[in-house]
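Engineer: just coords:
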Ligand code: SF4
């Protein structure tokens, strides 16, 4: 039921680390991360959001650990969370140590604002003794000032140097359980920085366009950066940073990986034609109704909603299941083969019922039960519409005769254009 594999480059091999029970890097599937927006001290509220994120496709969730109440909250959240929890640390080394005490599965340190070597080495030693990985989370917007000045700005080289400095401190205490991010809000900078990181380090890379903003612009920016790198085989775990409900981040991450064939489809992939003058139904409304009904039932299929039967089933022949409209009827098809013709006002209902049966019985079994007369009926509808709108919508034969008549009736045939 999954798409044929798309041609993304072979994944670049990195070391493998484990964030709780989620493997990152090596041959592990690319994982999806997101971050809670609740106060971490609000244990129940944060757990609710973590469950929602996990349901939308997040494999790992990050929570801020910015105050002692947050660390205490983490101690209560970690054992009840369905996914590994990473503590996000800025400025305060004591918050990193408290998060480790709380039992988190990973830390994110920002080298731009945690700069004292002895403190960094202390955290790394504590993490090493507990088997907890650390992400070196370099961010162009909060790059160490001295590096900014040395490199003349937040260049890809400056971001890599920041990660390299942090790694050197980790090496001193023999800590190697590391992943790296070199995020920027500028997509081109982010892409270049990660390409360089991939050439420089063999640690797993966490991809993200930071502060991408609200959707749809934020989604476009984050996808432009993350998808470009994934298509080049770069990246082991991803996060969309959207100014939106974080559930949207998790869903987008998951959908991107499924679209690139990097993760098996877990949920619905609804494809719908953009509609055009041929459409026999309100495609936008029908697609929305179908999407809501199928998502509610968590149908893991690629389902197509097509506006007309003339081109629809052919254009969507790769879909597991689809429906195309024509002459007030819906043509239900599986892998391009028409299996049944239903009244137009029952299209969504019939689509959803068939999707549930495919999930329960399998594609082949449902294809075997196809209504034998459906193809013939569908062809008749297609032909009627084709004749009405397609083959000679402009009545071209008559028009040509009329044009000739007018020309013959005229005294002169058109001569050459005046110079
Ligand atoms: S399926 Fe039909 S209605 Fe939809 S875009 Fe194609 S030709 Fe137009």
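Structural biologist: Thanks, I have the structure now. Here the structure is a predicted model, which is why all the values come from computation and not from measurement.

Engineer: any chance you could map the strands in the stretch 251-400 of the chain?
Structural biologist: For the stretch 251-400 of the chain, applying DSSP state E, counting those that start in this stretch gives strands covering 269-272, 302-306, 321-326, 329-334, 337-343.

Engineer: Columns mean pLDDT and distance to residue 151 on top of those strands, output as TSV?
Structural biologist: Placement of C-beta: from N, CA and C, glycine included. Below are those laid out as TSV (pLDDT from 0 to 100; distance: least, Cβ to Cβ, whole Å):
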stretch	mean pLDDT	distance to residue 151
strand 269-272	92	43
strand 302-306	94	46
strand 321-326	92	53
strand 329-334	92	57
strand 337-343	93	59
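
Engineer: got these as a markdown table, with mean neighbour count and distance to residue 15 columns?
Structural biologist: Below are the strands of the stretch 251-400 of the chain laid out as a markdown table (neighbours: other Cβ atoms under 10 Å; distance: least, Cβ to Cβ, whole Å):
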| stretch | mean neighbour count | distance to residue 15 |
| --- | --- | --- |
| strand 269-272 | 18 | 32 |
| strand 302-306 | 27 | 35 |
| strand 321-326 | 28 | 41 |
| strand 329-334 | 25 | 44 |
| strand 337-343 | 19 | 47 |
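
Engineer: Show me the helices in the stretch 201-350 of the chain, by range?
Structural biologist: 217-231, 246-259, 283-296, 312-315, 347-361 (DSSP state H, counting those that start in this stretch).

Engineer: Out of those helices, which one sits most buried?
Structural biologist: helix 246-259 (a mean of 22; mean count of other Cβ atoms under 10 Å).

Engineer: which residues make contact with that one from outside it?
Structural biologist: Residues outside helix 246-259 that contact it (Cβ atoms under 8 Å, 6 or more residues apart in numbering): 29-30, 32-37, 49, 52-54, 56-58, 215, 219, 222-223, 226-227, 230, 238-242, 263-267, 269.

Engineer: Please apply the same query to stretch 113-124.
Structural biologist: Residues outside stretch 113-124 that contact it (Cβ under 8 Å, 6+ apart) are 89-93, 96-97, 100, 107, 109, 111, 134, 142, 144, 166, 169-170, 172-173, 175.

Engineer: What's opposite the nearest residue to residue 347 once chain neighbours are set aside in the beta bridge?
Structural biologist: What sits nearest to residue 347 in space, not counting adjacent residues and going by Cβ to Cβ, 6 or more residues apart in numbering, is residue 330, at 3.7 Å. Beta-bridge partners recorded for residue 330 (DSSP bridges): residue 325, residue 342.
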